[in-house]
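Asker: Show me how the following folds:
(2 chains)
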Amino acid sequence: MNLPGYQNMAKSCISLILFFSVILSHGVVELQASNPFYRNLYTSQSTSTSQPYRTGYHFQPPKNWMNDPNGPMIYKGIYHLFYQYNPKGAVWGNIVWGHSTSTDLINWTPHDAAIYPTQPSDINGCWSGSATMLPGGKPAILYTGIDPDNKQVQNLAVPKNLSDSYLREWVKSPRNPLMAPTATNHINASFFRDPTTAWLGPDKRWRVIIGSQTKDKGLAFLYRSKDFVYWTKAKHPLHSENHSGMWECPDFFPVSTNSRKGVDTSIIGLNTKHVLKASVGKIPHDCYIIGTYNVTADKFIPEEGSMNGVSALTYDYGKFYASKTFFDIAKNRRILLGWINESSTQEDDIKKGWSGLQAIPRGLWLDKSGKQLVQWPIPEVEKLRAKKVNLSSKLLRGKSLLPADVEISFEITKFEKAEVLDPNWTNPQLLCSQKGASVKGALGPFGLLVLASKNLKEYTAVFFRIFKNKNKYAVLMCSDQNRSSLNNDNDKTTYGAFLDVDPVHETLSLRSLIDHSIVESFGGGGKACITARVYPTLAIDDEAHLYAFNYGTEKINVTSLSAWSMKTAQIN
Amino acid sequence: MASTILIFLLSLLISASADSNFIQKTCKLTKHYDLCLSSLKSNSTSASVDAKGLALIMIGVGTANATATSTYLSSQSLSSASNDTVLKRVLKECADKYSFAGDALQDSAQYLASENYDYVAVDVTAAADYPNACHNAFKRFPGLVYPPKIARRDRGLKEICDVILGILEHIAW
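Answerer: Numbers count the residues shown, from 1 in each chain, chains lettered A, B, ... in the order given. Just a heads-up that it's a prediction; the model follows:
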């Protein structure tokens, strides 16, 4: 079907033209209407109004504060997710490792906290860390502990009982801390944290990196060990970068150059590149660099991307931080997990009694171009798809259609009228802020309005704009939260990304996972990802609608559109 | 007496060639052998024949280079046509960046003295990155051309930094 262009200027920014019903099986169909007419794709019903923002299928504990995902791993066919958790409140504090297990990364079984302060080396907190599979299939966790002097140190914990497939209890090395700031190594004790999954070199020595900074230069300290207990600091960092600030939650792993399959963290070889990632607090974004790893010199040679500036590559241009990958040996894939924090005020978090979500786990692989990584929600999430919305001329009212999974593809045939991209417009986030969903354009804005109230007083817009850029076309993807909620206390920052897709030769796809107060959007099959948190006051329960829209002057063809309601997952 | 002098001269000759042998071996480990060799030979004294000493010399070469470029760019900025304010601003920004590079290299010398090789690497890497900031400043204005003279200095500083990092690898793993 075809989304018509906007013919007449309307005064109100609410006047958007939306499209109608046509049966999908006919392929591309022209949509005429120049009268304001909207097609409601579906409305929703939800069962609980006292907690309208709790999710249906995104991981979160029953209450209280959660932040970084920790030590994700698979052991004896069971996935483990640990997470930074405050058992006592909805703000950060008293931090321990919460623990849940799953057989499908979507439905979770809770367990008691796995790691909590018991030694001097973690008496003031058990901060983030990672799991490494030692030879013989034995998991080991390295994590940052806060010692009695509030110094950041690195500790080791191993399962108490390997025959417990839920690995509920963990014991700590009496040698902790294994790595610590000292007078001789001059490491700043406030900037030494988040050990990664270790990797084994051909010399049979383990390597691990730990995030740090010195005078605004982010760096990753490199440590080596033969036995996983006695660690020696290498005389050079694995990598560093000027002006990037503290590197939190670093990650270092190989990716295949000729396959979407994951690669074990210790693989170094043909047909692989390495990825170095860090959570850069000063932005804040999770940035990554693609390059090669010289294991003999233990050096990382960057090729694409950086940790700050215009050339930075980012996992997700919205709310997505402290992310971490692991190699899923059961399905030969690399999985990315990330913390999605709240965009509401701390006061609201305390009132609602909880804070923090995990993103839906994403498969991660190197794009064919080799110039960026691609992410896509794991296929297991599709098991939750329930009622599929058909496009028919009837207004649809479904039961529990919120939350949702929507996929839409657009095709553009006429490019002559595209606006020219000003060479100064290098910051996509700023560009999306200035050209929000209600700003008319030529090719765009077109996309989806999600969590929209009936009169469009509230909506979250996820859309594209196409610009002419020299002899090519640039695609801008935006997630506009400006009108997401009547409650102005929320952080309603707009997010944006340039999507590396050629709209002349390819269709433009968009997928959004919508779940009460989170919208995870994937452009171009996962080449650009934007996650947003929204807190609608009207667009909740059976008042949450989903629309497709086109507020540009040029016609857009919709080549496919599928929308499903999502069943509730068991997350606690 | 003559034999003593002869032995003395001989030993001087041997140690001198041992020194230059070591310099050659060290420079072979770096990415720019000729640059390394010429810099170290013309600046070394007989007291400094270990990798740490050579690294220190190279850091000095880099510091001088960065500072000289910064001075050059400052004077270019002042002398450029008074109506070309954009170029003036960019040249001034570049002068600042190369000055920061010099500062980073000076910091790295201190870290080298205290054997904090991690931070030496971080500062030298930072110094090597500042020329990019200058280049980016030119790229921001499509009308401006990145002057070949500055491009040469850009490359020059980066090569010196590469040599320092190469020597560092010789010191420590």
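Asker: Show me the helices in the chain, by range?
Answerer: No chain in the question, so chain A it is. A:346-352, A:428-434 (DSSP state H).
Asker: Wait, chain B was what I had in mind.
Answerer: In chain B, the helices defined using DSSP H lie at B:2-28, B:33-43, B:51-79, B:85-113, B:117-139, B:148-171.
Asker: measure the spatially most central residue of chain B to chain A for me?
Answerer: Against the mean C-alpha coordinate of chain B, by Cα atoms, centre = their mean, the closest residue is B:Gly62 at 2.1 Å. Distance, B:Gly62 to chain A, by Cβ to the nearest Cβ, to the nearest Å: 15 Å. Glycine gets a C-beta too; all of them are placed from N, C-alpha and C.
Asker: show me the contacts for the closest residue to chain A within chain B.
Answerer: Across chain B, no residue is closer to chain A than B:Ala172, which sits at 3.2 Å (Cβ to the nearest Cβ). By Cβ atoms under 8 Å, 6 or more residues apart in numbering or on different chains, the contact set of B:Ala172 is A:234-236, B:117.
Asker: Counting neighbours, what do you get for the residue in chain A positioned nearest to chain B?
Answerer: Residue of chain A nearest chain B, by Cβ to the nearest Cβ: A:Lys235 (3.2 Å). A:Lys235: 18 surrounding residues under other Cβ atoms under 10 Å in any protein chain shown.
Asker: wait, it sits on B:Leu165?
Answerer: No - using Cβ atoms under 8 Å, A:Lys235 makes no contact with B:Leu165, being 11.6 Å away.
Asker: Find residues that contact each of the two.
Answerer: The contact sets of A:Lys235 and B:Leu165 overlap at B:Ala121 (Cβ under 8 Å, 6+ apart).
Asker: before we move on, the earlier item: of the helices of chain A, which approaches A:Thr196 most closely?
Answerer: helix A:428-434 (28.1 Å; Cβ to Cβ).
Asker: can you list contacts of the closest one?
Answerer: A:317, A:425, A:476-480, A:493-498.
Asker: The residues you listed, buried ones only, as a PyMOL selection?
Answerer: Listed next is the PyMOL selection for buried residues among the contacts of helix A:428-434, using 16 or more other Cβ atoms under 10 Å in any protein chain shown:
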select buried, chain A and resi 317+425+476+477+478+479+480+493+494+495+496+497+498
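Asker: Put together TSV for the contacts of helix A:428-434, with distance to A:Thr272 and pLDDT on each row.
Answerer: Listed next are the contacts of helix A:428-434 as TSV, based on distance: Cβ to Cβ, whole Å; pLDDT from 0 to 100:
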residue	distance to A:Thr272	pLDDT
A:Tyr317	27	98
A:Trp425	36	91
A:Leu476	32	98
A:Met477	29	98
A:Cys478	34	98
A:Ser479	33	98
A:Asp480	38	98
A:Thr493	37	97
A:Thr494	37	98
A:Tyr495	31	98
A:Gly496	32	98
A:Ala497	26	97
A:Phe498	27	97
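Asker: burial of the nearest residue to B:Asp154 once chain neighbours are set aside, as a residue count?
Answerer: Excluding its sequence neighbours, the residue lying closest to B:Asp154 (Cβ to Cβ, 6 or more residues apart in numbering or on different chains) is B:Pro131, at 3.9 Å. For B:Pro131, the count of nearby residues is 24 (other Cβ under 10 Å).
Asker: so B:Pro131 touches B:Lys97, yeah?
Answerer: Yes - between B:Pro131 and B:Lys97 there is a contact at 7.2 Å, judged by Cβ under 8 Å.
Asker: just for the chain, where's the confidence low?
Answerer: By default, I'm working from chain A. For chain A, applying pLDDT under 70 flags the ranges A:1-49, A:390-401.
Asker: Actually, chain B is the one I wanted.
Answerer: For chain B (pLDDT under 70), the answer is B:1-2, B:7-18, B:46-48.
Asker: Give me every residue in it lying close to chain A.
Answerer: Counting by Cβ under 8 Å from any Cβ of the partner chain, the positions of chain B adjacent to chain A are B:107, B:114, B:116-119, B:121-123, B:125-126, B:129-130, B:136, B:142, B:168-169, B:171-173.
Asker: Return the members of these classed as buried.
Answerer: In the residues of chain B next to chain A, burial by neighbour count holds for B:107, B:116-119, B:121-123, B:125-126, B:129-130, B:168-169, B:171, counting by 16+ other Cβ under 10 Å.
Asker: And the closest residue to A:Ser212 other than its chain neighbours, its phi and psi?
Answerer: Nearest residue to A:Ser212, sequence neighbours excluded (Cβ to Cβ, 6+ apart): A:Phe191, at 4.6 Å. The phi/psi pair for A:Phe191 (degrees, to the nearest 10) reads phi -130, psi 70.
Asker: ok, A:Phe191 - how many residues close by?
Answerer: A:Phe191 has 20 neighbours, counted by other Cβ under 10 Å.
Asker: my read: it touches A:Gln152, true?
Answerer: Yes - taking contacts as Cβ under 8 Å, A:Phe191 lies within contact range of A:Gln152: 7.5 Å.
Asker: who's A:Arg511 bridged to?
Answerer: A:Glu407, A:Phe522 (DSSP bridges).
Asker: Do I have it right that it meets A:Glu407?
Answerer: Yes - using Cβ under 8 Å, A:Arg511 is in contact with A:Glu407, at 4.6 Å.
Asker: Give me the more crowded residue out of the two.
Answerer: Taking other Cβ under 10 Å, A:Arg511 and A:Glu407 do not tie; A:Arg511 has more neighbours (22 against 14).
Asker: check contacts around that one.
Answerer: Per Cβ under 8 Å, 6+ apart, neighbours of A:Arg511: A:377, A:405-408, A:521-522.
Asker: same thing with A:Pro254?
Answerer: A:Pro254 makes contacts with A:263-265, A:267-268, A:272-275, A:293, as judged by Cβ under 8 Å, 6+ apart.
Asker: How about the residues of the stretch 251-400 of chain A by chain B?
Answerer: A:297-298, A:309-310.
Asker: Buried ones only from the residues you listed, please, as a ChimeraX command.
Answerer: Command for ChimeraX that selects the buried part of those, burial taken from 16+ other Cβ under 10 Å:
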select /A:298
